[in-house]
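[1] Show me how the following folds:
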Amino acid sequence: MIGYVTLGTNKFEEAGRFYDELLSVIGAKRGMDSESFIAWTSGKPGRPMLSIIKPHDKNEATVGNGVMVALAVDSREKVDALHTKALELGGQDEGAPGARSDTFYAGYFRDLDGNKLNAFYMG
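    Here you go, the predicted structure:
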């Protein structure tokens, strides 16, 4: 259902490096790249992508209140690894990895621009 999610950034080069390293933990790499837009993909056609962009209107990118990007992974260990990597790269903790219910395990963090993300595993 979701094709891609785009996050605005004021730190384009730094955000590119942040997501290159962060998303490599789950095997994603750049699928599209331009002067103002980068999208990462797992390489499988039709799979959702995550992207960053310099706002088209040239205004500052701002964080959407209540907006969050959720990255689905296939193990609790990958949730832990993504959360750890995000903090190593300068991201901020928004909730340590852990079970939120019997079948939902997640860790929450913010990127360099303050965008909220989580990594989660269902199972």
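[2] which residues of this protein score low on pLDDT?
    Applying pLDDT under 70 to the chain flags residues 1.
[3] where along it do the strands fall?
    Secondary structure of the chain by DSSP state E: the strands cover 4-8, 29-33, 37-41, 49-53, 68-72, 92-99, 104-110, 116-122.
[4] Redo those as TSV? Include mean neighbour count and distance to Ala81.
    No exception for glycine: its C-beta is placed from N, CA and C like everyone else's. Listed next are those as TSV, based on neighbours: other C-beta atoms under 10 Å; distance: least, C-beta to C-beta, whole Å:
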stretch	mean neighbour count	distance to Ala81
strand 4-8	17	21
strand 29-33	13	16
strand 37-41	20	16
strand 49-53	20	16
strand 68-72	15	11
strand 92-99	14	9
strand 104-110	20	9
strand 116-122	20	8
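[5] out of these, nearest to Leu23?
    Between Leu23 and these, the shortest separation by C-beta to C-beta is 4.8 Å, and it involves strand 37-41.
[6] list the contacts for the closest residue in space to Arg100 that isn't next to it in sequence?
    The shortest distance from Arg100 to any non-neighbouring residue, by C-beta to C-beta, 6 or more residues apart in numbering, is to Ala106 (5.6 Å). Contacts for Ala106 were tallied using C-beta atoms under 8 Å, 6 or more residues apart in numbering; they are 70, 79, 95, 97-98, 100, 118-121.
[7] circling back: export the strands of the chain to TSV and append columns for distance to Arg17.
    Shown next, in TSV, are the strands of the chain (distance: least, C-beta to C-beta, whole Å):
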stretch	distance to Arg17
strand 4-8	15
strand 29-33	11
strand 37-41	10
strand 49-53	11
strand 68-72	18
strand 92-99	17
strand 104-110	16
strand 116-122	16
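[8] Nearest to Asn59 among the ones you listed would be which one?
    strand 4-8 (9.2 Å).
[9] pretty sure Gly3 contacts Met49?
    Yes. Counting by C-beta atoms under 8 Å, Met49 is a contact partner of Gly3 at 7.1 Å.
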